[in-house]
Each structure stands twice: as C-alpha cells, then as structure tokens.
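Engineer: I would like the atomic coordinates for the input below:
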Amino acid sequence: MTIEISGFVLENQPYKENDALVTVLTESGCKTIYARGVLKTTSKNRVVCQPFTLVEMTIDERDNGLATLRFGRVLTYYHHIVSDLTLQSVCFVLIPYIKRVDMRPFLYQLILSLMENMHTNTEKIYTYACLFLREVLVQEGLTPYTSGCVSCGRTDHLVRLSLKQGGFVCQSCNDSSYTMTKKELIQVHSLFSVKENQIDEFVSMYTFDLDDFIFWAHWLEYYQGSQNKALSFLQSIR
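Structural biologist: Below is the predicted model of the structure:
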C-alpha cells in the first residue's frame, strides 16, 4: 500500500552498499524506512534522507518487512543544527529517548518547536529540551519529588534539589553545602507541574540553559542505571 507521511528525519544508517535505513519521527512515533540508493551522490532522494530535515515522503508499506521510500520532498532543512556541534550533540542525547517514548501529537509538536528554536538559535532552546526530558521522566516514573522535602516531608525551608535523594530537601536534611535560590526551586517545581495547555505561558516565563539540560539528562541516566555516550561527549565539549 502506498501512503504519504510527514515527519522529521532523526538519523540514517548505511545499509548494504548504497542504501540506508532512515528513521523518521511522525506524530504517531518513529518509522524506519528502507531507502534504496540514497547514499549515491546522484540519488534524487538523497536530500530527503538527511538528518535534521522536516520532510514529506511517499512510501510503500508492507504487512511484513520495512516500508520502502518512493520519493519525497524537503519542507525544512535545519542546517543551523548541522553546523553547530553543541546543538548536534544535544540532539544525539535526545534521539534514543525520542525513539522509545510513547509519541503523541503534543510531544511531536514539542520536538518540532525545539528543532525550530535550535534552527533560529533562540534563548528558549533548552527550555523546550527540558520540557521534552520532563515528558520522558513522567512516562518512565522517574520524576523528582517537588511537593516538599523528600526525606522528612516538610514544605518549608526547602533549599535544593538532590539527585541522590530524588527530590527537594529542606535545610535540615540537606547533606551538601550547595543550595538553590527560591526562584530556581520554583522553576523546577513548575517544570513538573505545568499542564500541556500552559506550555506557551511556561516558555515565556522561564528560561533553561545547557547546564539545566545536562542535569536532567544525567537524572535520567542516573535513575535508569545506563550510560548515554552522547551526554558524556556533550559534557566534554561544553
């Protein structure tokens, strides 16, 4: 069956001599597409299969086996991501989570907003990136406790977010000399309490940075008991 899809090319992997397996993010999730001959410089479909590209594709779907690319067209090529090593690295940190998250239209639009902000290099890049990581943490049940002190339960004199303890801690339970400002604590609490219909307001109120993104990516890594090699590389070049 021949169908049309639109989505964002996350990656392509060489397959055989001149073919590739292309991963495209759509509103319903990631789809792997077999693209014949796209590694040839003369291929008309080569440009459609480049990572960090928003595309429309016509594909042949099969009941058994991979969908096959027939042809497509580029809607937007996010060249600024490709030319910026830090932004590329952020994408590589996110791609494994994008591929396995339970995708829905809200998340798809959130990811596209992130890519658009990367492309135009706005100050809200890491706000959108942290919002996506928030969604991953929620789905995997790894969100921090932000309603009070995770150790004693008190709701006053909260001083910081503890990775090892899994949430906010108060002054009495703080095992570190490091503390956070009230504004920083409110921003963290808001990240995990904001509703989908409040995202635009949230983005206008709060600005996250690369350190925030690395912290939440490390939080995922810590509680999953896994290592994200792209995160280690990002930390090495920041």
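Engineer: Helices of the protein, residue ranges please.
Structural biologist: Ranges of helices in the chain, per DSSP state H, are 79-82, 85-100, 105-120, 125-139, 182-193, 199-205, 210-224, 229-237.
Engineer: With only the CA atoms kept, save the third one in PDB.
Structural biologist: Right, the one you point to is helix 105-120. C-alpha atoms of helix 105-120 as PDB (Å, rounded to 0.1, in the frame of the first residue of the first chain):
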ATOM      1  CA  PRO A 105       0.700  14.900  18.800                       C
ATOM      2  CA  PHE A 106       1.600  17.100  21.800                       C
ATOM      3  CA  LEU A 107       5.100  15.600  22.100                       C
ATOM      4  CA  TYR A 108       5.600  15.700  18.300                       C
ATOM      5  CA  GLN A 109       4.900  19.400  18.300                       C
ATOM      6  CA  LEU A 110       7.100  20.000  21.300                       C
ATOM      7  CA  ILE A 111      10.000  18.300  19.500                       C
ATOM      8  CA  LEU A 112       9.300  20.400  16.300                       C
ATOM      9  CA  SER A 113       9.300  23.500  18.500                       C
ATOM     10  CA  LEU A 114      12.700  22.500  19.900                       C
ATOM     11  CA  MET A 115      14.100  22.000  16.400                       C
ATOM     12  CA  GLU A 116      12.700  25.300  15.200                       C
ATOM     13  CA  ASN A 117      14.300  27.100  18.100                       C
ATOM     14  CA  MET A 118      17.600  25.300  17.500                       C
ATOM     15  CA  HIS A 119      17.400  26.400  13.900                       C
ATOM     16  CA  THR A 120      16.800  30.000  14.700                       C
END
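Engineer: Remind me what that helix packs against, helices and strands.
Structural biologist: On a contact count with 3 or more CB pairs under 8 Å, 6 or more residues apart in numbering; DSSP states H and E, helix 105-120 meets strand 2-15, strand 19-26, helix 79-82, helix 85-100, helix 125-139. C-beta: built from backbone N, CA, C; applies to glycine.
Engineer: just the fourth one next, same as before
Structural biologist: Counting contacts by 3+ CB pairs under 8 Å, 6+ apart, the secondary-structure elements packed against helix 125-139 are helix 85-100, helix 105-120, helix 182-193, helix 199-205, helix 210-224.
Engineer: my guess is residue 19 meets residue 34, correct?
Structural biologist: Yes - using CB atoms under 8 Å, residue 19 is in contact with residue 34, at 6.8 Å.
Engineer: Switch the helices of the chain over to JSON lines; also include mean neighbour count and mean pLDDT.
Structural biologist: Shown next, in JSON lines, are the helices of the chain (neighbours: other CB atoms under 10 Å; pLDDT from 0 to 100):
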{"stretch": "helix 79-82", "mean neighbour count": "15", "mean pLDDT": "93"}
{"stretch": "helix 85-100", "mean neighbour count": "18", "mean pLDDT": "96"}
{"stretch": "helix 105-120", "mean neighbour count": "18", "mean pLDDT": "96"}
{"stretch": "helix 125-139", "mean neighbour count": "21", "mean pLDDT": "98"}
{"stretch": "helix 182-193", "mean neighbour count": "15", "mean pLDDT": "97"}
{"stretch": "helix 199-205", "mean neighbour count": "13", "mean pLDDT": "97"}
{"stretch": "helix 210-224", "mean neighbour count": "17", "mean pLDDT": "97"}
{"stretch": "helix 229-237", "mean neighbour count": "14", "mean pLDDT": "95"}
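Engineer: Reformat the ones you listed as TSV; add distance to residue 65.
Structural biologist: Listed next are the helices of the chain as TSV, based on distance: least, CB to CB, whole Å:
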stretch	distance to residue 65
helix 79-82	31
helix 85-100	20
helix 105-120	25
helix 125-139	29
helix 182-193	41
helix 199-205	38
helix 210-224	32
helix 229-237	30
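Engineer: which residues does residue 75 contact?
Structural biologist: 6, 53, 54, 55, 56 (CB atoms under 8 Å, 6 or more residues apart in numbering).
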